[in-house]
Every structure is written in structure tokens, then in C-alpha cells.
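[1] Using only what follows, build the 3D model:
(2 chains)
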Number of protein chains: 2
Amino acid sequence: MERYSIDQDSLWMSRALELAHKGLGTTSPNPPVGAVIVKDGVLLGEGWHEKAGELHAERRALNHARLRGHGDDLKGATMYVTLEPCSSYGRTPPCTDAIIEAGLSRVVYGAVDPDERHSGRAYTILKAHGIRVRSECCATACELFLRPWVWSIQHKRPWVRAKVASTMDGRLTRAGLKWLSCQESIRFAHQMRLESDAILVGGNTLRTDNPALTIRHSYREVPRIKQQPWRIVMTMDSTSLPEDAKVFTDKDAERTLIREDVGNLRAMLQSLYEEHQVVNLMLECGGRLLRKFLEEGLVNEWVQIVTPQISGGPDLLVPGYYLPTERYFEQEELIPSGKDIIVRGLIR
Amino acid sequence: MERYSIDQDSLWMSRALELAHKGLGTTSPNPPVGAVIVKDGVLLGEGWHEKAGELHAERRALNHARLRGHGDDLKGATMYVTLEPCSSYGRTPPCTDAIIEAGLSRVVYGAVDPDERHSGRAYTILKAHGIRVRSECCATACELFLRPWVWSIQHKRPWVRAKVASTMDGRLTRAGLKWLSCQESIRFAHQMRLESDAILVGGNTLRTDNPALTIRHSYREVPRIKQQPWRIVMTMDSTSLPEDAKVFTDKDAERTLIREDVGNLRAMLQSLYEEHQVVNLMLECGGRLLRKFLEEGLVNEWVQIVTPQISGGPDLLVPGYYLPTERYFEQEELIPSGKDIIVRGLIR
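    Below is the predicted model of the structure:
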């Protein structure tokens, strides 16, 4: 006899997913995960993963329940977690152990662990300890949310999100105007920075705009533990970069990296993942470098802030001849943003 | 004691505006107007203006009421009409006469007649005959709807609506693909043709695409009295046009006009208005000619069908250097259309 209907499961899983969002931008190379513990329809505790090396969402939810005086109630309770619990020793001990020790009687999780060595293992282990398990509850939502992390595991390179701002006729900038986008869109762009591990620009952008590339106007409060994203400057010749650029001289200067491997973007991406645990990379580069990423099929997601203006002019969003293959969007989203329109989609 | 509250007025005016829409595309140089007659909350008759030289909406609504056996009920009834009734002899006798003769006791209208010689005259005349009058009910909606006609009266040239289809990066076409837009967007574009008096293309478009420029897939049923829109071909040299182009050889060939005055677009527009009663002109030309219209500030409305694709390539939506002044949008509308997005706005 199940105490919780399927609808109850989806409801609690939504809360777990909400918690998972709080980890966006701070957990890499780990995934952002959320968990809640429920008994007889009452929330005992909840938690999310904040940072690699620290407690997983499952253990934080258990601790939270104990802290609230619900230690004894954990027996027979249900845990909802957005990703299959880990079952092996990493930087922290397996969450399956903690679940078993706490005496939970049911575990509901969203996405299956994408690592083939572990996927489905928690299911087997928990079952073997007499715990009822439901896998793939709200799986689509959980998987969509986790896709940058899954991508990075499978491809050993970051999920690349291009952020561009253009006019209706595909121009990047207008002479003499620094910001085309409205305030709402600028906050949206800063929110994207907050959710990124690194931001990439070309040497030209540095010379022309001298951007700080720091998080200053995001919608969400910047978590205490969030470091400024890595600032990656790509250039053919690092001696040509202005030494007094903000990214080299501000208080976060140690978060700036120069990369000269423009000729092999794929290898560059792999090294960002391996050496600096970059899972979410945001491109804020100009049209020429953006085009190189598109040509090599290295862009996963496209976020375009469109200003309702017709401009003309030389600075094209994507300059040059036809791209080798068309880049269609999937799972488009249309977001009104002040006077602008934001179009977001995955690139096929 | 008013029998109809203000909310009742707005409700019946909405119906009149709905009827006015049925005239879109067939009434030029007259405005599309709708009218309903109501007594004690019951609709007696309704009508809309179909075509210049034929009955106005007011007389059609009166006739409709009589045809339905409500001739005697007209005394004491209220008429709702989207535009101030005409008070002078044109191709038909003044509607104010018909209203007075029918014995209506109240008239509610939307927009005031924009012609200074007539504006407010119906108000005075009807009042003088003891008829209660309310002016400017739902005026904003009625004026928005009538703006192309008002524009044409005030400027003696058509309201110009540019229809363009582009990729996300502002490319017009992609090599080898005739239609970028999805079926829904094509129907939308044909609906725009239905609402236009003329469609303008350049000689290049004729040579490259050989379009028919006829209404074939519109959402609304094509009214029996709707002629195919004029097809205007602009060229520097008419001898260079392909004689076997569809617009010269199909059954609507007499609806095709060639214009060589590319050097003076404003004068060309004025002659279209004066000689052919073109109030609503739709541009379906390529980037270069479109740019000329933009440069000279001759575009009133912009309708862009955006296909969620990044393409690159040589065919820019608006080629060339910065436009002399930025063209910002007002009263933007965002219309999802199949996989496409349609952005519609007035150009400041």
C-alpha cells in the first residue's frame, strides 16, 4: 500500500528541483542536485548540493531533518532527489549508505546516473536493503536541467552557451552605443554569468570594450560561495593584449586565463574541463570567434537578446558565408524582457 | 436615464470592430468600418463597409435590421459604429441622414473623422436632431485599426508595411531553399496580402524568385469581391524584366504595374495612392530596395517572420552600413507561428 500517489511524487520532486537550482553555478564539476525528505505528507528536511567536496544534497537533507528534531522520524520516510544517489566513494562517502543508515523506507529519484559504471546501481543497492525505489520520476525535467553536466561527463568538455545581443536585422552593435539591450536583458545576461563556470571572449572584445565580465546585476542573489567565473581570453598573440585591461588588473585578476589555442577550439574546451572543471561555458565573444565555434559545431545552446531596432552597419552577429550546415534550434523558448525579446534554444 | 452602461457600449463596439475587420483589404480608398444596431440589449442589425461606391456600414446595418423585420423597432434604438458617420455627399448620401430618418435615439462612435473639414460634424448634426451621441468610445482600438487609412488621408500616400522573413542572424534566404518560413507563417503572409491593396517587389526578386504575389493560403476566406492586390514591380529598366514572369502572364496580369521611378520613392507612393487608391502597401522586396525605403523613412510597419536558425551567408535582411537614424519599434507584438516567431511593430 503506497502512502504517496504519483501526483504527490511529482509535487515533492518539483520542490527538489527548485532546490537544485540554488546550486547552479557553484557545483562544477559536480551536478546541481536537490533533495527533500517527507513523511505522512510532512516535509522533514531538505537540502541541495552547493560545492564539490562538500556534502551531497541527500546528506544535507538528512542533516537538515535531524537539525529540525526529526531524527527519529526518518525511519519510514521517503526521500525525493533529482538525480540517482551516488553509490561509490568520491570526495564524500556514498549517499546510499546514508539513506540505509537513516532507515528511510522509500527513495524516489529523477534522472538516472549517466555514468554507465554507476547507473542503476543505487536502485539495486537500495532494493537489496528492503527500500522501495522509484526511478525516473519527472525524468524529463530533471534530465533537461542536468544536460550541461551530463554533456560534460560524456564529452569531457563544457556545455557551451552562446550569449549574443543583436538588432532585428542581425547587427551586434551600433556605433557609439555600448549597450543595445535594456536593463532587464542586462540582468538576464548577468544571471547567465552567475550560472556559468567560465566566460570566454576574444582579444578584440578586450581591446574594444574592455569588459569586466563579472557578476554585478543578476536577478538571483549571488551565493556567498560563488567565485567570479573564470574569464577566458582567446587570442592568437597574448603579447598584443592590453595589460591594463580590467580582467588583468581588477581584484579578480587571478580568475583570468589567456588561451592561445584558437586553432584547436575543441582541445581548448577539453583542457578547460580537465584543468579548471568548467562544465558551463558562456561565450560573450564577437562575431568572428563565435562563427568559429559554430563552424566546428561546438555551441550547445543559443541565447539571443533581440532589441526591436533595425540598424544596418558592419558588425554582423554571424559574419561571413553560409555556415557549413544550418544550425536549427530545438526546444525554443521565447522570453519577453523589457522592450527586448530573448530567444533561447538548443542547437541541433 | 441611460439604458446602456459604459461597459455595454464597449461590448457592442467590440462587435462593430469585429465586423469592420471583414472589410480589410477591399474598401480602399475608403476605411473599413463596422456598425451594429441595438435596442433593449437585443441586436437588431449589423453591417460593414465592403467596397468604395457601395453602402456604408451604417446603411447596411439599418437595411439588415429592416430585412430581419425590425424596421419598426429602429425608433429609439442605438447604433454603434467604429468611425464617426459621414455627414456629406460622397459617392453615397450622408449616413447622418439615414440615422435621422430611421428614428434612432442614440449613436455611439469610436474614432472621430480625421478629415478636419468633417470631424465632429456628425456629432453636431445628430445632436441638433435630438439624438444622444457618445463620441470616442473605444477610441484607441478604433484609431489603431484605422491608422493606415488615416495616414493615407493625411499624407496622400499609402501606409507601408514591410514583410520580411529572416533567420536569427538576419539572413534573408539560404542557398537552395525557397521558403525559410513554416506553413503557419506562409499563411500569415498570405493573410497580409489579403489585407493589402498592393504588393511591391523589385526587378531582382522577379528575376530570382518569379513570385506570383497572389493570395492563395490566407487564414481568412478571401471575400468574393476581393481583387488580387496590385503587383508593383520596381525596376531601373523595365526592358530588363523577364517577359514570361508569372506576374505578366497569369490570369491576373492586368493587376501588374511596372514603376521605374526608383529614384523618387515618395513620389511613386503618392502616385499609387492617387492613381490606384492604394492605402495599404506591402513590401515583399529584397534587402537593397527595402533599405532604400527605410533610408527615406517610408516604412510604417515592420512584420518580421524569424526562423529559429543560424545561417550565415551573403543575403542580409538589411544590407549596408548604418541606417541614417535608428529605426526603433513601437507597439511591438510577438506572435508565435509554428516553429517561427513573428515580430510586428510600428517604426518610429
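
[2] Quick check: pLDDT value at A:Ser240.
    With respect to pLDDT, A:Ser240 scores 92.

[3] pretty sure it contacts A:Asn204?
    No. Counting by CB atoms under 8 Å, A:Ser240 sits too far from A:Asn204 to count as a contact (10.0 Å). C-betas here are computed from N, CA, C, even on glycine.

[4] Next to chain B, which bits of chain A? Give me the list.
    Counting by CB under 8 Å from any CB of the partner chain, the residues of chain A close to chain B are A:166-171, A:174-175, A:291, A:294, A:302, A:304, A:306, A:308-314, A:316-323, A:326-329, A:332, A:334, A:336, A:339, A:341, A:343, A:345, A:347.

[5] Any idea how many residues pack against whichever residue of chain A sits closest to chain B?
    Closest to chain B within chain A is A:Gly170: 2.1 Å, counting by CB to the nearest CB. Neighbour count of A:Gly170, defined by other CB atoms under 10 Å in any protein chain shown: 27.

[6] Could you do A:Lys51 as well?
    Under the neighbour criterion other CB under 10 Å, A:Lys51 is assigned a count of 15.

[7] do the one 4 residues further on as well
    By other CB under 10 Å, 18 other residues sit near A:Leu55.

[8] do A:Glu243 as well
    By the criterion of other CB under 10 Å, A:Glu243 has 7 neighbours.

[9] same deal with the one 3 residues further on?
    Residues lying near A:Lys246 (other CB under 10 Å) number 18.

[10] Does it touch A:Pro211 like I think?
    Yes. Between A:Lys246 and A:Pro211 there is a contact under CB under 8 Å: 7.0 Å.

[11] What segments of the stretch 1-150 of chain A are strands?
    A:34-39, A:42-48, A:78-83, A:106-111, A:132-134 (DSSP state E, counting those that start in this stretch).

[12] Show me the beta-bridge partners of A:Lys39.
    Beta-bridge pairing for A:Lys39 (DSSP bridges): A:Val42.

[13] tell me the angle of the helix or strand of chain A with the lowest mean pLDDT relative to strand B:327-337?
    Sorting the helices and strands of chain A by mean pLDDT, DSSP states H and E puts strand A:327-337 at the bottom, at a mean of 85. Calculated by axes from the mean of the first three to the mean of the last three CA atoms, to 10 degrees, strand A:327-337 forms an angle of 110 degrees with strand B:327-337.

[14] So what's the gap between strand A:327-337 and the chain middle?
    Distance of strand A:327-337 from the chain centroid (CA atoms, centre = their mean, to the nearest Å) equals 17 Å.

[15] and if you look at stretch A:11-27?
    Centroid separation for stretch A:11-27 versus its chain: 12 Å, with CA atoms, centre = their mean.

[16] buried ones in it?
    Buried residues in stretch A:11-27, counted by 16 or more other CB atoms under 10 Å in any protein chain shown: A:12-17, A:19-20, A:22-27.

[17] Then stretch A:157-168?
    Neighbour-count burial for stretch A:157-168, counted by 16+ other CB under 10 Å, picks out A:157-168.

[18] Which ones among these map onto strands?
    The strands, defined by DSSP state E, take in A:159-167 from these.

[19] my guess is A:Asn26 contacts A:Gly53, does it?
    Not Asn; residue A:26 is Thr. No. Counting by CB under 8 Å, A:Thr26 stays clear of A:Gly53, with 11.5 Å between them.

[20] which regions of the stretch 151-300 of chain A lie under the pLDDT threshold?
    Low-confidence segments of the stretch 151-300 of chain A, defined by pLDDT under 70: A:173-179.

[21] Show the residue spans covered by the helices in it.
    Ranges of helices within the stretch 151-300 of chain A are A:183-194, A:203-209, A:246-249, A:265-276, A:287-295, based on DSSP state H, counting those that start in this stretch.

[22] and the second one, how far out from the chain's middle?
    Averaged C-alpha coordinates place helix A:203-209 at 26 Å from its chain's average position (CA atoms, centre = their mean).

[23] same question, the first one
    Taking CA atoms, centre = their mean, one finds the center of helix A:183-194 at 14 Å from the center of the full chain.

[24] One more: stretch A:138-156?
    Mean C-alpha position of stretch A:138-156 versus that of the full chain (CA atoms, centre = their mean) differs by 9 Å.

[25] ok, residues contacting that stretch?
    A:9-10, A:13-14, A:17, A:20-21, A:28-32, A:82-83, A:110-112, A:114-115, A:158-159, A:161, A:270, A:273-274, A:279-280, A:300, A:331 (CB atoms under 8 Å, 6 or more residues apart in numbering or on different chains).
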